[in-house]
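Q: Fold the following, please.
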Amino acid sequence: MKAKYETITLMEKGYPVKYFGQPVRRFCQTLDLKDDPELIERYKRVHSKEESWPEIRAGIREVGILEMEIYILGNRLFMIVETPLDFDWDSAMARLATLPRQQEWEDFVALFQASKPGASSAEKWQMMERMFYLYD
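A: Numbers count the residues shown, from 1 in each chain. Predicted structure coming up:
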């Protein structure tokens with residue numbers, strides 16, 4: 001029960017944000033998992049520090065992504081990606097798809113995701129539109 005308590009405390013306090021020493025661009029995406037509690041728990045585990053594939057994390061950084069976070073509520077995922085201002089999403093995703101183990105990872109996580117078989121990451125994760133900010 002301690003782990004759940006610690007998670008709730010983090011959610012209530014908020015998550016720290018990295019400082020990159022430069023302005024960044026933020027991309028926000030969403031994806032649904034299959035509505036199966038056992039699959040969802042397994043999906044969370046395979047994304048943990050201990051079980052996530054190092055080649056996938058390395059590839060994400062190799063294409064220029066500074067930070068990537070995934071949040072979950074029920075079976076709905078929300079991903080935040082932070083990049084340098086000159087980051088080109090389409091070319092980075094095309095390059096990422098060619099990196100070691102990337103297709104193997106996509107095929108594996110597709111078992112958990114409510115998406116078409118064989119869909120690429122770019123087809124599964126849908127970009128979200130920002131509809132509000134504090135209007136500086």
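Q: Tell me which helix or strand in the chain has the weakest average pLDDT.
A: Least confident helix or strand, the chain: helix 2-13 with a mean of 64, by mean pLDDT, DSSP states H and E.
Q: residues contacting His47?
A: Ile70 (Cβ atoms under 8 Å, 6 or more residues apart in numbering). Yep, even glycine has a C-beta here, placed from its N, CA and C like the rest.
Q: sorry, back to before: I'd like the next helix or strand past the least confident helix or strand of the chain.
A: strand 24-32 (DSSP states H and E).
Q: Can you list the buried residues in the helix or strand following that next one?
A: Per DSSP H and E, the first helix or strand lying C-terminal to strand 24-32 is helix 37-46. Buried positions in helix 37-46, judged by neighbour count with 16 or more other Cβ atoms under 10 Å: Ile40, Tyr43.
Q: helices or strands next to helix 37-46 in the packing?
A: The contact analysis (3 or more Cβ pairs under 8 Å, 6 or more residues apart in numbering; DSSP states H and E) places helix 37-46 against helix 102-109.
Q: and the nearest residue to Cys28 once chain neighbours are set aside, what are its phi and psi?
A: Distance criterion Cβ to Cβ, 6 or more residues apart in numbering; nearest residue to Cys28, sequence neighbours excluded, is Met128 at 4.4 Å. When read as degrees, to the nearest 10, the backbone of Met128 gives phi -100, psi 150.
Q: so who does Gln102 touch?
A: Glu55, Ile56, Gly59, Leu96.
Q: Next one: it relative to Lys13, how far apart?
A: 34 Å (Cβ to Cβ, to the nearest Å).
Q: What count of nearby residues applies to the residue nearest to Cys28?
A: 13 (other Cβ atoms under 10 Å).
Q: so it touches Leu31, yeah?
A: No - taking Cβ atoms under 8 Å as the definition, Met128 is not a contact partner of Leu31, at 10.5 Å.
Q: Does Met68 touch Thr83 like I think?
A: No - applying Cβ under 8 Å, one finds Met68 not in contact with Thr83, separated by 9.4 Å.
Q: Between the two, point out the one with more neighbours.
A: Neighbours were counted for Met68 and for Thr83 using other Cβ under 10 Å; Thr83 has more, 20 against 15.
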